[in-house]
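Colleague: Based on what follows, work out the 3D shape:
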Amino acid sequence: MAFRALHRVPNAVPRALSAPSRAAFFHSTPRAFVQAGDAVPDIELHEDSPGNKVSLAKQYASGIANGVVVGVPAAFSGACSQKHVPSYINHPKVRAHEAGQVFVVSVNDAFVMKAWADELDPTKVSGIRFLADPTGAFTKALDLGFDAIPVFGHTRAKRYALVIEDGKVKSVHVEPDNTGTDVSMAEKVLN
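Modeller: Sure, this is the predicted structure:
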């Protein structure tokens, strides 16, 4: 009898309380990730080693007023290494230091980012700084993460570029498929 009584309990709960309606799962607007006018999140990233903490919010507040934050899904991945980041390293405005400070950010550890920077820009002539977001906190604050578990093992950053002016996001360029190389390329962002 106890078994039958347990089966009857869910029926005693009104339908409105027991199961959300389909409308509760529907959203008419997409998730609102970082937008123009937003402040750069004040979250510590790592440069070259875990002990060298960098906050982009503080960097942009202390003399670096303008620049670009380039987000990539993975250091050393094909599109990131062969196309996306090189589009910034080789762009005339970056080479002439007319684009402000450019930061490349990835959900990786500081050692990986340092090795990747040394490979892509060994002379550091571009002035681009490579920063690790080891826990993904910066990416999460921007709401620019995506589930990359099947490929990279955990959540990663979408491919994006944020143009920063006076310490605030001026424009947002996020790849619609998360990893493509179109709207976030230097040719489209800096021209």
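
Colleague: Low-confidence bits of the protein, can you list those?
Modeller: Within the chain, the ranges that satisfy pLDDT under 70 run 1-32, 153.

Colleague: where exactly do the strands run in the protein?
Modeller: Counting by DSSP state E, one finds strands in the chain at the ranges 44-47, 49-55, 67-72, 101-106, 129-132, 145-146, 156-157, 160-165, 168-174.

Colleague: looking at those, which is buried most?
Modeller: For the strands of the chain, average neighbour numbers computed from mean count of other Cβ atoms under 10 Å are highest in strand 156-157, which has a mean of 27. C-betas here are computed from N, CA, C, even on glycine.

Colleague: circling back to that earlier point, dump the strands of the chain into JSON lines; add distance to residue 61 as well.
Modeller: Output for these, formatted as JSON lines (distance: least, Cβ to Cβ, whole Å):
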{"stretch": "strand 44-47", "distance to residue 61": "14"}
{"stretch": "strand 49-55", "distance to residue 61": "9"}
{"stretch": "strand 67-72", "distance to residue 61": "12"}
{"stretch": "strand 101-106", "distance to residue 61": "12"}
{"stretch": "strand 129-132", "distance to residue 61": "16"}
{"stretch": "strand 145-146", "distance to residue 61": "25"}
{"stretch": "strand 156-157", "distance to residue 61": "23"}
{"stretch": "strand 160-165", "distance to residue 61": "11"}
{"stretch": "strand 168-174", "distance to residue 61": "10"}
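
Colleague: right, and those - which one's nearest residue 85?
Modeller: Each of the strands of the chain has some distance to residue 85 by Cβ to Cβ; the shortest is strand 101-106, at 5.8 Å.

Colleague: pretty sure residue 106 contacts residue 70?
Modeller: No - between residue 106 and residue 70 there is no contact, the gap being 9.2 Å when judged by Cβ atoms under 8 Å.

Colleague: What ranges does the protein have for its helices?
Modeller: Secondary structure of the chain, counting by DSSP state H: helices at 2-12, 15-18, 56-61, 78-79, 85-89, 92-95, 110-120, 137-142, 149-152, 186-189.
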